[in-house]
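>>> the sequence and its predicted three-dimensional model are supplied below.
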Amino acid sequence: MSLQTTSEAVQDAPKRGRIVAIDILRGIALIAMASYHFTWDLENFGYTTPGLTAFGWWKLYARCIASTFLFLVGVSLFLAHGRQIRWPGFWKRFAMVAAAAIAISAITYIATPDGFIFFGILHEIALASLLGLAFLRLPALLTAIAAAAVIAAPYYLRSEFFDHPALWWVGLSATNPRSNDYVPLFPWFGAVLAGIAAVKLASASGFLARLGTWMPGGWSKPLTFIGRHSLAFYLIHQPVLFGSVWLLSQVMPAAPQDKDAGFLKACQASCEQQDTAFCSSYCGCMLDTLKAEGSLDKLYGNDQSSIWKSHLADLAGTCTAETQSKMEGGQQ
């Protein structure tokens, strides 16, 4: 049996009610996101090893969560507007997400100015939802090709041209900027396009219609509830978790950690854009220099003065040059 065209497939999409399975998947993704954020909170207050969530399994876990969530954004966009774009509903949802994104940027700028969220997952959802409308009526294969191109773009199109802060949202700068939640257009819009392509194929094959008839048991109600109120859950869960860990730290503070090991872990986490050999040498240089100056405690004191920030930038430049020189010398 041949696949239907996109327009024919849209007509076969469920016309009434929500697809419970998608709400459940979204709920699972949100709970997974909360578990990652909770671990980040524990790390932030010193209950785990420094840099834990930035390496290995935890780093992969975070990327899988974000990819799944954005994939479902693409699925939902097609289900809501694939037959016809319902502009009033679209703009209402867009405004809610955009307003929440702006609020998070403002709050994190006040709370953590060195790593504030200038383009996180909510910013990405807002922009991707707008851009995704252009792909709703395109063939699934063409949408899938576009998804692959967007995902691959950072591997081939990075340029210092995009290093200006006004262009960080694109995701093609030579070095990723510092942020507690950085989800730029490239490559993450690719996950949204992949969701649009997948749901088109599911609709054309009749799988989507069959999925719409599935009615799970009572076990699914909590997940369904969370999935249907995803924005509210996202905005509420981290303040609750962060506040809970903060309260714990007031009653049962974490044991003091080795500052040298903590610095190296944190430094290597922020150096993830470079290769491992570079980061190891560079971070070692920074640690040795700060210890020689006796200014490691000042670094942990989170000094926000312009003089200290300028000094750190100078140290980073010196250590970068020394590390590159060593690596180039070792390759000769």
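Here it is on my side, so go on. Keep in mind the model is a prediction, meaning the values are calculated, not measured.

>>> C-alpha from now on. contacts and neighbour counts both.
OK.

>>> ranges for the helices of the protein?
In order along the chain, the chain carries the following helices (DSSP state H): 6-12, 20-44, 56-81, 87-111, 121-132, 140-156, 185-205, 207-212, 221-228, 230-251, 259-270, 276-293, 296-300, 306-331.

>>> buried residues in the third one?
Burial within helix 56-81, assessed by neighbour count using 16 or more other C-alpha atoms under 10 Å, is assigned to 58, 61-62, 65-79, 81.

>>> equivalent analysis for stretch 228-240, please.
Buried positions in stretch 228-240, judged by neighbour count with 16+ other C-alpha under 10 Å: Arg228, Ser230, Leu231, Phe233, Tyr234, His237, Gln238.

>>> give me the below-cutoff pLDDT ranges for the stretch 1-150 of the chain.
Counting by pLDDT under 70, the stretch 1-150 of the chain has low-confidence residues at 1-17.

>>> how about a cut-off of 80?
For the stretch 1-150 of the chain, the stretches with pLDDT under 80 are 1-17, 50-51, 54-56, 114.

>>> winner for burial among the helices of the chain?
Burial among the helices of the chain, expressed as mean neighbours by mean count of other C-alpha atoms under 10 Å, is greatest for helix 185-205, which shows a mean of 25.

>>> quick one: that one to chain centroid distance?
On the basis of C-alpha atoms, centre = their mean, to the nearest Å, helix 185-205 sits 17 Å off its chain's mean C-alpha point.

>>> and that helix, what other elements does it pack with?
Contacts defined by 3 or more C-alpha pairs under 8 Å, 6 or more residues apart in numbering; DSSP states H and E place helix 185-205 against helix 6-12, helix 56-81, helix 121-132, helix 140-156, helix 207-212.

>>> hmm, back to that, so which of the helices of the chain gets nearest Pro177?
helix 259-270 (9.0 Å; C-alpha to C-alpha).

>>> next, the angle helix 276-293 makes with the closest one.
For helix 259-270 against helix 276-293, the angle by axes from the mean of the first three to the mean of the last three C-alpha atoms, to 10 degrees is 140 degrees.

>>> distance from helix 259-270 to the middle of the chain?
Taking C-alpha atoms, centre = their mean, the mean C-alpha location of helix 259-270 is offset from the chain mean by 21 Å.

>>> kindly report the same for stretch 121-137.
The gap between where stretch 121-137 is centred and where its chain is centred comes out at 15 Å by C-alpha atoms, centre = their mean.

>>> got a list of contacts for that stretch?
6-7, 66, 70, 73-74, 77-78, 81-82, 94, 97-98, 100-102, 143, 181-185, 188-189, 192-193, 196 (C-alpha atoms under 8 Å, 6 or more residues apart in numbering).

>>> try stretch 20-38
Under the contact criterion C-alpha under 8 Å, 6+ apart, stretch 20-38 has outside partners 53, 58, 61-62, 65-66, 68-69, 72, 211-212, 214-216, 220, 223-228, 230, 233-234, 237-238, 241-242.

>>> switch to 6 Å and redo it
Stretch 20-38 has contacts (C-alpha atoms under 6 Å, 6 or more residues apart in numbering) with Ile65, Leu223, Thr224, Ile226, Gly227.

>>> cool, and stretch 312-332?
In this structure, residues lying in contact with stretch 312-332 by C-alpha under 6 Å, 6+ apart are Tyr282, Cys285.

>>> for the record, mean pLDDT for that stretch?
The predicted model gives stretch 312-332 an average pLDDT of 78.

>>> quick one: Phe94 and His37, what's the gap?
As for Phe94, its distance to His37 is 24 Å (criterion: C-alpha to C-alpha, to the nearest Å).

>>> tell me the spacing between Ala261 and Thr49.
9 Å.

>>> my error: substitute Ile196 in the last question.
As for Ile196, its distance to Thr49 is 39 Å (criterion: C-alpha to C-alpha).

>>> check Ile107 too.
Distance from Ile107 to Thr49, counting by C-alpha to C-alpha: 26 Å.

>>> now swap in Lys200 and tell me
As judged by C-alpha to C-alpha, Lys200 and Thr49 stand 44 Å apart.
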